[in-house]
Structures are given as C-alpha cells and as structure tokens.
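Novice: Using only what follows, build the 3D model:
(one chain, ligands or ions: 2)
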Amino acid sequence: MTLVTTLKAAGKKVEEAFAPEPRPNEDMDILKKLKLEHDQVQDLLAKLVDSEGATERRALLKQIKALLVPHTRAEERIVYDAVRAGRDKKMKVDGEEGYLEHALADKTLATLGKISNPLSPEFTAAAKVLKELISHHVDEEERNIWSDVREKFSDAERIEMNRAFDIAKRKVKAAH
Ligand SMILES: [Fe+2]
Ligand SMILES: [Fe+2]
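Specialist: Ligands and ions are numbered 1, 2, ... in the order given. Take a look at the predicted model:
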C-alpha cells in the first residue's frame, strides 16, 4: 500500500468518527500548514514574554497550549514517523531529535501550568525558556525535517499529509 492510500484510508476512518466537523483543507502543502502554525505560536510566545498582565498571561498560555499540543502530537504521527520510517539514518536522527525537543516543550508547558502567579519571576523565566526552546526547535525543524519531507514525498503526498495532519489534530483536541 502506498503512503497516499494508507493515509487516505486512515483519514476516512477518523473522518467517519468525527462526522459533524467540517472537512479539512485538502489543497494545502503540509509544510505551508506547519509554517502558519509555527508563526502563530511564536507570535503568542513573544506576547506572553512581553505581557505585564496576569489575566493576559493566563489567557495567552491557554492559547499557546491549545495550539502547541495538537500541533506537536499530529506532527509526530504524520511527519516525524513518516520521515524516520525509512532506512535513511540522517532522517531517523532528525525524527528522534524532534520527539525529544517536543518532550522538552511539554515539560516546560507543564511547569508553566503549575506556577500560580503569572507575574512571578518563575513564570517569566519558564515563559522565556519555552520561547527560546520553540524558536530553536522551529529553526531546526524547518531546515532539517522539511528537507527530508521534500526529498521523500511528492507534492500530492504532502497535500495528503496535510489532510491527515488536520484529522490527527482534531483527534488530539477531542481527547483533551
Ligand atoms: Fe512544528
Ligand atoms: Fe515540531
């Protein structure tokens, strides 16, 4: 079975389970979708670090979590697993590195969630760490993983990957 047919079959199955949801955008390259979300989350992280209001910081953290968690989980399933599935050692390392950096982001998000005062030095420090971590991760991902994706998958497969990515994200959101 080719990747496209596998993804189509998996997508159809999940779509049936989430029938009332609108159909995902079918014509976007997965890399374009990832770029949009990277820009969005980095913008929110910059606002979080700059914000001086407790309520605003809490709201921003909530938005960051709602964007970052489905993005990373779906990216692992649809992008990293596809990249590290072959024999190419460099691609395997890129995929593993992505997983490790996502785990660090999860840990920092959890730390932020436990700090009761959003204006405390602890919160500010953790917000800065998350911002720096994501900035480093996005730079590397867009350089390494994306060149792997371009090398390995056709334009049509990348559009199919975007559909599968949207569906995987909805699944993560439904589980939270
Ligand atoms: Fe990403
Ligand atoms: Fe990532």
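Novice: how about residue 175, what does it touch?
Specialist: With contact set as CB atoms under 8 Å, 6 or more residues apart in numbering, residue 175 has no partners. Glycine gets a C-beta too; all of them are placed from N, C-alpha and C.
Novice: Which neighbouring elements make contact with the top helix by length along the chain?
Specialist: In the chain, assigned by DSSP state H, the helix with the most residues is helix 89-114. Helices and strands touching helix 89-114, by 3 or more CB pairs under 8 Å, 6 or more residues apart in numbering; DSSP states H and E, are helix 54-75, helix 81-83, helix 121-140, helix 146-152.
Novice: Contacts for the last one, please.
Specialist: Outside helix 146-152, the residues that touch it by CB under 8 Å, 6+ apart are 30-31, 34, 79, 82-83, 86, 88, 90-91, 94, 158, 161.
Novice: any chance of the residues you listed in JSON lines, plus neighbour count and distance to ligand 2?
Specialist: What follows is those, written out as JSON lines (neighbours: other CB atoms under 10 Å; distance: CB to the ion, whole Å):
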{"residue": "30", "neighbour count": "24", "distance to ligand 2": "12"}
{"residue": "31", "neighbour count": "18", "distance to ligand 2": "12"}
{"residue": "34", "neighbour count": "24", "distance to ligand 2": "8"}
{"residue": "79", "neighbour count": "26", "distance to ligand 2": "8"}
{"residue": "82", "neighbour count": "22", "distance to ligand 2": "13"}
{"residue": "83", "neighbour count": "23", "distance to ligand 2": "11"}
{"residue": "86", "neighbour count": "11", "distance to ligand 2": "19"}
{"residue": "88", "neighbour count": "15", "distance to ligand 2": "19"}
{"residue": "90", "neighbour count": "11", "distance to ligand 2": "17"}
{"residue": "91", "neighbour count": "22", "distance to ligand 2": "15"}
{"residue": "94", "neighbour count": "22", "distance to ligand 2": "11"}
{"residue": "158", "neighbour count": "19", "distance to ligand 2": "16"}
{"residue": "161", "neighbour count": "24", "distance to ligand 2": "14"}
